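Peer 1: model the following, please.
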Amino acid sequence: MEQSSPSKSRIDSFLVNPPKALWTLAIPIMFGMGIHTLYNLVDMIFIGRLGGSAIAGVAFNMPIFFLMLGLTMGLGSGVTASIARFIGEKNKKKADNSAEHAILIGAGISFISTIAGILYGKDILILLGAKGDILTLGYDYLSCIVIGIPFMVFSGFFRSILAGEGDMKFPMMIAGLGTVLNLILDPIFIFKLENYGNIGFGMGVRGAAFATVISQMSVFIIFLYMLFIKKHAYITFNFKEFVLSKEIFWDIIKVGVPASLSMIIMAVGQGVFNKILIHYSPQTVAAYQVAGRLDMLIFLPIFAIAGGMTTLVGMFFGAKKIEALNEIITYGIKSAFLITLVSSTFVYVFAETFSAWFTDDQEIIDVSVGFLRLLCFIYPLVAIAITSGRVMQGLGRGLPVLIITSIRVLGLGAPLALYFSLILDKPVEWNWYAMMFSASVSFLIAINWVRFELKKINKAYGV
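Peer 2: Presented below is the predicted three-dimensional model:
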């Protein structure tokens with residue numbers, strides 16, 4: 001039986017009430033990311049029981065996997081925007097073909113990344129500044145988790161494909177299953193519980209990596225079954241008749257590559273900050289990692305709103321519904337700002353309590369609290385910048401995100417932090433000042449760029 005077109009059922013319902021449509025998309029994303037964020041927090045709590053060096057060892061892996069996540073999410077945003085616009089234009093054939101191109105791109109990323117991780121993983125950790133016990137623990141983690149890269153990459157593209165057609169609920173459910181499995185497996189693989197009949201493998205950080213790989217593989221298998229066997233999605237795959245299309249490939253690349261490069265730049269920036277912070281102490285690197293996990297709580301609803309915005313902006317722009325486009329952009333940006341204002345206040349007040357969940361090392365707690373209580377002042381502005389970037393992606397404009405990220409990380413944040421720490425020999429707080437200044441500048445550029453693009457679109461369509 002042929003499925004009904006979402007170009008009628010979804011887009012028309014979205015146009016009736018764009019703000020409601022945003023929450024229809026954002027709430028499932030928020031729940032899915034919330035479950036994943038819970039996993040990240042609990043995972044770090046488990047690893048924290050192994051000591052500060054274990055946290056630091058895993059921290060040196062984060063730029064590598066942020067790079068992988070960046071490639072997947074960046075190109076995935078291009079896939080989402082492409083599929084959403086084609087559905088808005090009521091062109092299912094091109095939407096299907098865009099999804100098939102996404103699978104091809106995912107295969108390429110998976111192959112290259114896995115081989116690079118196996119052959120050069122330890123060298124990369126050394127380049128990022130890991131040494132001694134931290135290098136040993138970091139490579140213990142990396143050498144295991146690299147096996148799961150293909151599962152992570154393909155699952156990311158499957159989520160992007162479904163997001164393009166406005167289906168956020170199903171990926172959320174699968175993410176929830178994977179996260180629950182990971183939470184169950186983590187203590188079993190990490191620890192050996194002598195008081196409970198020697199239950200567990202006692203593998204330490206390697207155990208955390210194995211638990212993650214098994215859960216990622218499980219999620220990947222469920223996606224394969226539901227999309228290719230059960231035919232769950234509106235999008236369908238027919239690789240026997242697949243033809244490489246320069247038009248569709250470019251439609252994905254023009255948004256996806258700048259988004260990927262911007263996330264690669266953020267991964268490089270994270271690596272630079274790790275290398276700077278190890279100059280102070282391994283505990284400082286661990287604190288940066290703990291604080292990074294906690295600020296996920298603040299940005300959880302923002303990434304959900306931003307994800308919904310990419311789909312809605314793409315659909316409304318593709319359908320040439322410019323008044324609805326203006327309404328959803330204004331509403332989305334305001335919502336992101338207000339929600340982050342509230343969540344930042346909450347984290348500011350309870351920063352010490354939250355940091356103490358992960359470790360009893362007072363130095364790690366103190367540095368983490370100092371980071372959070374400074375950065376909370378500019379998080380609402382960061383929320384606007386993130387949402388503005390996803391708006392631009394929905395409009396099919398990928399370059400602004402890359403330019404803004406380059407200015408923030410490479411032009412201001414990292415150079416200022418290097419100057420303050422290694423030349424002026426300032427305390428660690430000056431690294432946070434560098435982040436705050438660069439984020440404020442990126443906010444100003446992002447919001448004004450969105451205004452400029454909207455003025456052009458409104459003028460072109462006589463709105």
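Peer 1: give me the residues contacting stretch 182-193.
Peer 2: Contact with stretch 182-193 is made by 38-39, 42-43, 46-47, 49-50, 198-208, 210-212, 214-215, as judged by C-beta atoms under 8 Å, 6 or more residues apart in numbering. Using the backbone N, CA and C atoms, a C-beta is placed for each residue, glycine as well.
Peer 1: hang on, I meant stretch 107-117
Peer 2: Against stretch 107-117 from outside (C-beta under 8 Å, 6+ apart): I64, M68, L71, T72, L75, L142, V146, I147, I149, P150, V153, F154.
Peer 1: and the two most separated of those?
Peer 2: Distance extremes for the contacts of stretch 107-117: the farthest pair is L75 and L142 at 22.7 Å, using C-beta to C-beta.
Peer 1: with neighbour numbers in mind, choose between those two.
Peer 2: When neighbours are counted by other C-beta atoms under 10 Å, L75 and L142 differ, and L75 comes out ahead with 28 against 25.
Peer 1: any idea how far that one is from I105?
Peer 2: As judged by C-beta to C-beta, to the nearest Å, L75 and I105 stand 6 Å apart.
Peer 1: what sits in contact with each of the two?
Peer 2: Listed contacts common to L75 and I105 are F157, I252; contacts here mean C-beta under 8 Å, 6+ apart.
Peer 1: A383 and F337 touch, don't they?
Peer 2: Yes - contact criterion C-beta atoms under 8 Å: A383 and F337 qualify, at 5.9 Å.
Peer 1: more neighbours, these two?
Peer 2: Taking other C-beta under 10 Å, A383 and F337 do not tie; A383 has more neighbours (28 against 16).
Peer 1: report pLDDT for that one.
Peer 2: According to the predicted model, the pLDDT of A383 comes to 93.
Peer 1: that one: which element?
Peer 2: For A383, the enclosing helix or strand under DSSP states H and E is helix 379-394.
Peer 1: buried set for that helix?
Peer 2: Within helix 379-394, the residues scored as buried using 16 or more other C-beta atoms under 10 Å are 379-394.
Peer 1: what average pLDDT does whichever helix or strand comes after it get?
Peer 2: Using DSSP H and E, the next helix or strand after helix 379-394 towards the C-terminus is helix 399-406. Average pLDDT, helix 399-406: 88.
Peer 1: which residues sit against helix 399-406?
Peer 2: For helix 399-406, contacts defined as C-beta under 8 Å, 6+ apart pick out 258-259, 261-263, 265-266, 385, 389, 392-393, 442, 445-446, 449.
Peer 1: any idea how far G34 lies from P28?
Peer 2: 10 Å.
Peer 1: which of those two has more neighbours?
Peer 2: Looking at G34 and P28 with other C-beta under 10 Å, you find the greater number of neighbours at P28, namely 22 against 19.
Peer 1: any idea of the mean pLDDT for the helix or strand where that one lies?
Peer 2: Element membership for P28 (DSSP H and E) is helix 18-48. Throughout helix 18-48, pLDDT has a mean value of 79.
Peer 1: buried sites along it?
Peer 2: Buried residues in helix 18-48 (16+ other C-beta under 10 Å): 18, 21-44, 46-48.
Peer 1: for the spatially closest residue to G138 that is not a sequence neighbour, give me its contacts.
Peer 2: Of all residues not flanking G138 in the chain, G57 sits nearest, at 4.0 Å (C-beta to C-beta, 6 or more residues apart in numbering). Residues in contact with G57 (C-beta under 8 Å, 6+ apart) are A130, D133, I134, L135, T136, L137, G138, D140, Y141, V205.
Peer 1: so S53 makes contact with I134?
Peer 2: Yes - if you go by C-beta under 8 Å, S53 and I134 touch, sitting 5.7 Å apart.
Peer 1: who's more crowded, those two?
Peer 2: Legend: neighbour count by other C-beta under 10 Å for S53 and I134, higher for I134 (24 against 19).
Peer 1: contact partners of the helix or strand the more buried one falls within?
Peer 2: Element membership of I134 [criterion: DSSP H and E] is helix 132-145. Contact with helix 132-145 is made by 53-54, 56-58, 60-61, 64-65, 117, 121-122, 125-126, 130, 204-206, 208-210, 212-213, 282, as judged by C-beta under 8 Å, 6+ apart.
Peer 1: make it 6 Å
Peer 2: Residues from elsewhere that reach helix 132-145, judged by C-beta atoms under 6 Å, 6 or more residues apart in numbering: 53-54, 56-58, 60-61, 121-122, 125, 130, 205-206, 209-210, 212.
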